[in-house]
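Trainee: what would the 3D arrangement of this be:
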Amino acid sequence: MSCEFLELLKRRYSNRGLAEYVFPGRGGKHHIVDSDHVINGVAQKAGCHFVLHDLRRGFLTPAERLDLSYVVLKKLANHSGRNDTTFGYVVVDVERLRGPMQRITNELLRLCKVENVDQQESLPVSYDI
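Mentor: Okay, the predicted model is just below:
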């Protein structure tokens, strides 16, 4: 989790109102189940159509250009290694993924020309949401 993503989750949690969930479903009574209306709303505001796999491509392509390991990319994309024998033997814990996730976030912010962003290297060891 990058510093920016952690801050986003903290804001969502603080602003959730009476909803129990950070990402509540319609009516705020349960967690989000169907994201189609969210995607359609974002696509409409952005002025372009996209599907969820476009978001994966938009994340993994800049990540790969940072020369991160294939195992790290697969883990961050939450892909299984069922068809890759070697992948099953590699143990990657969450702490190992923090640095690469922050590097990817920094690169995405740079590509989006977001200014005044601290280029963090990693998160503090403990954090509360």
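Trainee: so what are the domain limits for this structure?
Mentor: Using automatic domain parsing, the domain parsing of the chain gives 1-50, 51-121.
Trainee: adding mean pLDDT and mean neighbour count, write those domains out as CSV.
Mentor: In short, each C-beta sits where N, CA and C put it, glycine included. Shown next, in CSV, are those (pLDDT from 0 to 100; neighbours: other CB atoms under 10 Å):
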stretch, mean pLDDT, mean neighbour count
domain 1-50, 85, 12
domain 51-121, 85, 13
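Trainee: what helices and strands are in contact with the longest helix seen in the chain?
Mentor: The longest helix of the chain (DSSP state H) is helix 94-111. Judged by 3 or more CB pairs under 8 Å, 6 or more residues apart in numbering; DSSP states H and E, helix 94-111 is in contact with helix 3-14, helix 52-65, helix 70-76.
Trainee: what packs against the longest one?
Mentor: Read that as helix 52-65. Applying 3+ CB pairs under 8 Å, 6+ apart, we find helix 52-65 packed against helix 70-76, helix 94-111.
Trainee: what of the shortest one?
Mentor: Here helix 70-76 is seen to pack against helix 52-65, helix 94-111 when contacts are counted using 3+ CB pairs under 8 Å, 6+ apart.
Trainee: distance from the chain centre to the last one, please.
Mentor: Its chain's C-alpha centre and that of helix 94-111 lie 9 Å apart, by CA atoms, centre = their mean, to the nearest Å.
Trainee: no more questions from me, cheers.
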